[in-house]
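> task: produce atomic coordinates for the following.
(2 chains)
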Amino acid sequence: MDQLVLDLAALIAMSTPLLLATLGVLIGERAGVINLSVDGSMLLAGMVGFAVAFTTQNVVFGFVAAAVVGALVAAVVGYLGISLGLSQTAVGFVLALLCTDLSSFLGNPYVQQSGPAVVAWPIPVLADIPILGTILFHHDPLIYAGLLLVPAVAWYIERSRPGLILRGVGERPEALYARGIDVVRVRYTAVIIGGALIGLAGAAYTLDLKQGWTYRHTAGTGWIALAIVIFGAWKAYRITFGCYLYAALQTIASRMQVNDWNVPTQVLQVAPFVVMIVVLAVVNSLSTPAVQTWIVTIPAPMQRLFAYITSPAPASLGKPFDPAG
Amino acid sequence: MNNLRLARAPLIAILVALLMTTIVLATTDAEAISAFTVMFSGALTSPSRVADMVMLAAPLLLCAAGLSISFAAGQYNLGIEGQMTVGGVISMAVLRQYADGGNVAVYWIIALLAGALAGAAWAGVVALLKQYTRVSEIFVGLGLNFVALGFSLYMVFGPWKRPGVASMSGTEPLPDSLWLPVIGTTRVTLITPLVAVIVLALFWFLLRATQWGLEVRASGLSQPASRRLGVPAVRRMIQAMLVCGAAAGLAGALQVLGVYHALVPNLASGIGFMGLLVALLINADIRFVAPLVLLFAVLTAGSIQLPLSLSIDSSISGVFQGFLVLAMIVARAFISIKERA
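Purely as a prediction, here's the structure:
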C-alpha cells in the first residue's frame, strides 16, 4: 500500500515534462499548426536552461531561458510553415534533428555537471493529509504548476472567448478571416506559446526530474508527446489521461523487473504505443461512412458518446492559410 | 544561364549552412577552418576510414532510395527506423539457424530476403492503417519505431541473451564463416555497397521508366484525381510504402551481416532519419540520392575524428546537415515565390 502511494506520487512527478510538452503541442495544433520539432526543442531548451541556471546559479533564469528557446524554435516553425507556407511536417522534422545535434554540441561542456535544481516544497497542511497528501502535495512548485496547467488550458481552449477563436482558426480559418480575425497572428501566438511550454518541458528534465545535462536527455519524450496528443484527440483532459497512462505503464514495467515477473520489461515498455495505435485505429474506424450510417440509428446519448470518442483532428491542421485563396 | 538558376538554391543553402555552422563552432576554441577540413576530408584520409564511410553510405543509400519512392506516393515514412530495426532482428533469426557446414550463400540470401520482407511488413502496417483507418502515417510510424526498438531489446536481453551477462553490446556474434567477406584488411564488404547500388538503380528505373512509377507519383499528387483517371491509387500508395520498408529492412539485414555480426539493440542508430534528411534536401528526387548520400556519409564519418583531433563533439556534422536541409527548403521556397511574382 505504501509502495503504491509512493508510486502514484512518483507518477505525478515524472509525468510533468510530458504533460507540459503535450499541452504545448495541443495549443499549437488547435490553431492548426503542427510543431514536429518537439523532441529537439525540448533537448535544446533543456540544455540552454541548464547552462543558464548553472552559470547564474538561479533556477528561475534557467526556466525563462528554456521557454525563450522553445518559443524561438516554434517561431521558426511558424515563419516557415505559416508565412512561407512550407510543409510543417518537413520543417519540424528537420528542426527536431537539428536542435538535437545543436544540444549535443553546445551542451558538451555541461555534461555531468551538477547545477541548481528546483527545491521540493510540500504544501503546508495539505501535505499532512494521509495518502492524498503524499500523492499530490509533496512535490515542488514546477509539478504543482504542471497539474494546474491542465484545467487552465482545458478552460482556455474549450470555454474562453480567445479559445473559441483559437479553435476557429484551426478549423475554418477563412470563416474567421471574414469576420476580421487576424488568422496569421492567432496562429503565431498559439505556436509560440506552445513552444514556450515545450521549452519548459525540456527544463523540467534538466532542472528538476533528471537534474543535470547529458546527451539526448529526453529519451524520445518529444516524439511520445506528439503521439499522445493524437491519442488524446486534441482534448486537454484526454491528453492528460494519456500522459498518466503512459507513465503508469512505464512504472509497472520497472516494477515487474524488480519483482521478476514473467512478462518481459521491454514488452511492457512498448505496450503504450501498441495500445495507442490500436485504440486510434478502432476509434477512427468508427468515423467511416458505413459505421456512421449505423450510428444515426442508435439512441441519442449513445450517439453523443460516439461523437466524443471519435472527435477528429482540427480540420485545417498543417494547412497554410491564404486569405486570397 | 539556365544552369546558374538551377544552382541558385543549393549555392545559397551551402553558404547559409557554412555560415551558421561557423557561428556554432565559434562557441568552442576550435578553428572553424580546421573543423570543416576534418569534416569534409577526414573520411578520405586512409583506406580504413574510406571503408567506414562506405559502410555507412550503403544503408543510408538504401533508406534514401526507398524514401524517394514513399515520398513520391506522398507519404512521410517516419517509421523507417523501425523498419530497419525489424529487418535486422528477422535476418538475425534466420542466421541463428545456421550450423557449421551449411551453405553460407544460401543463408545470406534468405537472411537478406527475410529482412526485406520484415521491413516491408512493418511498413505495410503503417500503410494499411493510414488507408483504411485514417491514422496518420507519421503517428503510426513513430509509434512502431518504439515498438521495433522494444522488440530488438527484448530479443537481445531475452531469448537471444548472451550466455552469462546480457548487455547493450548485443547478442553473441555470428560464426566467422557467416560474416560477409571483406576487401583486403578494411571493413568494407563488397556485397553491402553492391546491393545498395543495385537497389538504387532498380528503384530509379521503377520510379522514372515504368507505368508503375508514374502511377505511384500520380497517387502521391492526388488520390481521388488519379483514381478518376483509372489509376489504382490505393494499391500504389501501399506498394510504395512496402517497397520503402523492404529497402529499410534490407539495410537492417546488411548491418547485421556486414557491420555488427550480431544483433545490437539500436541497429538503425539514426540512419533512417538521416535518410529522411537527405530525401527532404533533394525533394525526394532519386537522381540526386547517390551524390548527397555520399556527402552525408563523408561528413558523418569524417566528424568522428573531431573529438580526438580538435576536442570538439562530433555532432557538429549533424548541425551542418540540419542547417543545410533547412536552408535548402527555405531557399527553394523563396525562389519559387519570387518566380511566381
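> for B:Met328, which non-adjacent residue is closest in space?
Using CB to CB, 6 or more residues apart in numbering or on different chains and skipping the chain neighbours, the partner closest in space to B:Met328 is B:Ala13 (3.9 Å). Quick note: C-beta positions are derived from backbone N, CA and C, even for glycine.
> residue contacts, that neighbour?
B:324, B:327-328, B:331 (CB atoms under 8 Å, 6 or more residues apart in numbering or on different chains).
> looking at neighbours, which among those residues is most surrounded?
Neighbour counts for the contacts of B:Ala13 (other CB atoms under 10 Å in any protein chain shown) peak at B:Leu324, which has 26 neighbours.
> the helix or strand encompassing the residue nearest to B:Met328 - what's its average pLDDT?
Remark: B:Ala13 resides in helix B:2-25, with elements defined by DSSP states H and E. Helix B:2-25 shows a mean pLDDT of 88.
> how about that helix, which residues are buried there?
For helix B:2-25, burial by neighbour count (16 or more other CB atoms under 10 Å in any protein chain shown) applies to B:9-10, B:12-14, B:16-18, B:20-21, B:24-25.
> tell me which parts of the stretch 1-150 of chain B are close to chain A?
Taking CB under 8 Å from any CB of the partner chain as the contact definition, the stretch 1-150 of chain B meets chain A at B:24, B:27, B:76, B:78, B:129, B:132-136, B:138-140, B:142-147, B:149-150.
> grab the longest helix from the chain for me.
You didn't pick a chain, so chain A it is. Across chain A, the longest stretch assigned as helix under DSSP state H is helix A:236-259.
> other chain: chain B
The residue-count maximum for a helix in chain B (DSSP H) belongs to helix B:104-133.
> C-terminal to it, what's the next element?
As assigned by DSSP H and E, the chain's next helix or strand after helix B:104-133 is helix B:137-157.
> and the angle from that following helix to helix B:104-133?
Using axes from the mean of the first three to the mean of the last three CA atoms, to 10 degrees, the direction of helix B:137-157 lies 140 degrees away from that of helix B:104-133.
> what comes into contact with the helix or strand just after helix B:137-157?
In the C-terminal direction, the helix or strand that comes right after helix B:137-157 (DSSP H and E) is helix B:191-209. With CB under 8 Å, 6+ apart as the test, helix B:191-209 has contacts from B:54-55, B:57-59, B:61-62, B:65-66, B:68-69, B:72, B:108, B:112, B:180-181, B:212-213, B:216-217, B:243, B:247, B:250-251, B:254, B:257-259, B:286-287, B:289-290.
> give me the buried subset of these.
Judged by 16+ other CB under 10 Å, buried ones among the contacts of helix B:191-209: B:54-55, B:57-59, B:61-62, B:65-66, B:68-69, B:72, B:108, B:112, B:180, B:213, B:216-217, B:243, B:247, B:250-251, B:254, B:257-259, B:286, B:289-290.
> if we can go back for a sec, how about the longest helix of chain A: buried residues?
So helix A:236-259, judged by 16+ other CB under 10 Å, has buried residues A:236, A:238-240, A:242-243, A:245-247, A:249-253, A:256.
> is chain B within reach of the helix or strand that it is followed by?
Of the helices and strands lying after helix A:236-259 in sequence (DSSP H and E), the nearest is helix A:265-285. Yes. Helix A:265-285 is in contact with chain B by CB under 8 Å from any CB, via A:266-267, A:269-270, A:273-274, A:276-277, A:280-282, A:284-285.
> residues contacting helix A:265-285, please?
A:227-228, A:230-231, A:233, A:242, A:245-246, A:249-250, A:252-254, A:256-257, A:291, A:309-310, B:129, B:132-135, B:139-140, B:143-144, B:146-147, B:149-151, B:153-154, B:157-158.
> so is the helix or strand following it next to chain B?
Sequence order places helix A:289-295 as the next helix or strand after helix A:265-285, per DSSP H and E. No. Using CB under 8 Å from any CB, no contact is recorded between helix A:289-295 and chain B, whose separation bottoms out at 11.1 Å.
> same question for helix A:289-295, mean pLDDT?
73.
> go on, stretch B:259-279?
For stretch B:259-279, the per-residue pLDDT averages 93.
> for that stretch, measure first residue to last.
Using CA to CA, to the nearest Å, the span of stretch B:259-279 from its first residue to its last is 24 Å.
> buried residues of that stretch, list them for me.
B:259-265, B:267-269, B:271-279.
> so which of these are also by chain A?
Answer for the buried residues of stretch B:259-279 near chain A (CB under 8 Å from any CB): B:273, B:276-277.
> which stretches of the stretch 51-200 of chain B aren't confidently modelled?
When residues are selected by pLDDT under 70, those of the stretch 51-200 of chain B lie in B:166.
> so what's the residue of it found nearest chain A closest to, chain neighbours aside?
Per CB to the nearest CB, B:Gly150 is where the stretch 51-200 of chain B lies closest to chain A, at 3.2 Å. In space, B:Gly150 comes closest to A:Val270 once its chain neighbours are excluded; the distance is 3.2 Å by CB to CB, 6+ apart.
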